[in-house]
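Q: I'll drop the sequence and a predicted model, then ask my questions.
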Amino acid sequence: MKIENFSLQFYEDVVEIWKRTGISITSSDTKDELNVMLNRNPDLCLIAKIDEKVIAIIMGGFDGRRGYVHHLAIDPEYQKKGYGTLLMDELIERFQQKGVHKIHLFIERHNEDVIAFYSKLGWEIRKDLVMMSFIPDKKLYKPKI
Ligand SMILES: CC(C)(COP(=O)(O)OP(=O)(O)OC[C@H]1O[C@@H](n2cnc3c(N)ncnc32)[C@H](O)[C@@H]1OP(=O)(O)O)[C@@H](O)C(=O)NCCC(=O)NCCS
């Protein structure tokens, strides 16, 4: 498996993997929006390839204080082979190089099975926190595209 920075030339491949793995694709995942994400985090948004085929995606974001992980997904045909672990290890290494102290990620309630995966990698559930969100412009944000 080869890991490289996510370039928008692979946008369609990535969206296909997100669709096949049940990742929620919102108005924040259009090509234009991801362009903003990639420009800000060019070396934290990664894809993995096998024989030049894109098989996995992970997006990291650093806001100057915390790291965030979004939309990790492995093509179903390639799951449970260690690739998710490898991709996350690479991203964490890159976060560490930037001096990030703590990294967060979000799991949708319907996808709680995946907690077992993250727990194996050392992630911890935060029982002391409640997540809240605010949408500044409801015309802009669409939960589905
Ligand atoms: C979750 C996901 C990224 C894991 O990637 P992967 O390449 O299959 O994971 P790995 O092969 O590195 O697995 C590492 C360990 O976690 C376990 N694991 C992986 N996926 C799991 C799941 N969905 N539920 C429970 N355990 C899981 C593996 O069995 C393995 O355990 P082992 O070391 O005892 O064998 C992948 O299954 C996926 O893309 N899922 C759909 C999209 C998704 O839910 N993404 C997360 C959004 S928050």
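A: Good, I have the coordinates.
Q: who does the longest strand along the chain pair up with?
A: Ranked by residue count, the top strand of the chain under DSSP state E comes out as strand 53-62. Paired neighbours of strand 53-62 in the sheet (DSSP bridges): strand 45-50 (antiparallel), strand 67-74 (antiparallel).
Q: for that strand, which positions count as buried?
A: Within strand 53-62, the residues scored as buried using 16 or more other C-beta atoms under 10 Å are V54, I55, A56, I57, I58, M59, G60, G61, F62. For the C-beta atoms, the positions are set from N, CA and C on the backbone; glycine is no exception.
Q: which of these come close to the ligand?
A: Filtering the buried residues of strand 53-62 for neighbours of the ligand using C-beta under 6 Å from any ligand atom leaves an empty set.
Q: from the residues you listed, pick the one nearest the ligand.
A: Distance to the ligand, by C-beta to the nearest ligand atom, is smallest for A56 among these, at 7.2 Å.
Q: residues touching the closest one, list them.
A: Contacts for A56 (C-beta atoms under 8 Å, 6 or more residues apart in numbering) come out as M1, I17, I47, A48, L72, A73, I74, D75, Y78, Y83, G84, L87.
Q: got the contact list for the fourth one?
A: Neighbouring residues of A48 by C-beta under 8 Å, 6+ apart: M1, K2, I3, E4, V54, I55, A56, I57, I74, Y83, L86, L87.
Q: state the number of residues packed around I145.
A: Per other C-beta atoms under 10 Å, the neighbour tally for I145 reads 11.
Q: measure it to the ligand for me?
A: 18 Å (C-beta to the nearest ligand atom, to the nearest Å).
Q: doesn't T26 make contact with that residue?
A: Yes. Look at I145 against T26 with C-beta atoms under 8 Å: they come within range, at 6.5 Å.
Q: follow-up on the earlier one: farthest-apart pair in the contacts of A48, please.
A: Largest separation among these by C-beta to C-beta: E4 and I74, giving 15.6 Å.
Q: quick one, which of the two is more surrounded?
A: I74 (23 against 11).
Q: all set now, cheers.
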